[in-house]
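[1] What shape does this take:
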Amino acid sequence: MTKKKAPAVLTMDGAAIYRIHVQGRLDARLTDRLGGMQITEVRATGEGPETILVGRLVDQASLTGILNSLYELHMPVLAAECMGVEDDSTSLKENDDENV
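    Numbering: from 1, shown residues only. As a prediction, the model looks like this:
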């Protein structure tokens, strides 16, 4: 009988995939400053441009650094979401909640 693994838990020093939604337009050349996150511009219905950042960050300190960079760029954060965490075997565990 195979023992089922417990789901990975988000920790302060563990890696995870994040999605950050900001108001406004970010230049793709800022990807290095923003932790290598993928930058995608979207347009909300009837609203101005918005940008979604998605990427793997090594820990919560990295997330804080990204949020500080966005603050310095005067980019209002609309949402930040953990999409999944990595366990000890470095496999990604998906977050069941798909809400933004």
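
[2] Next one: residue 51 from residue 69, what distance?
    To residue 69, residue 51 is 13 Å away according to Cβ to Cβ, to the nearest Å. For every residue, glycine as well, the C-beta is placed using N, CA and C.

[3] Residue 10 too?
    According to Cβ to Cβ, residue 10 and residue 69 sit 21 Å apart.

[4] and if you look at residue 60?
    Taking Cβ to Cβ, one finds residue 60 at 15 Å from residue 69.

[5] now residue 18
    Counting by Cβ to Cβ, the gap from residue 18 to residue 69 is 13 Å.

[6] So for those two, which sits in the more crowded spot?
    residue 18 (20 against 14; other Cβ atoms under 10 Å).

[7] what's near enough to touch the more buried one?
    37, 53, 54, 55, 56, 57, 63, 66, 80, 81, 82, 83 (Cβ atoms under 8 Å, 6 or more residues apart in numbering).

[8] Quick one: which of the residues you listed is the most crowded by neighbours?
    Compared across those, residue 53 has the highest neighbour count, 24 neighbours, by other Cβ under 10 Å.

[9] now it, which residues is it bridged with?
    For residue 53, the beta-bridge partners are residue 20, residue 39 (DSSP bridges).

[10] wait, it sits on residue 36?
    No. Using Cβ atoms under 8 Å as the test, residue 53 is too far from residue 36 to be in contact (10.0 Å).
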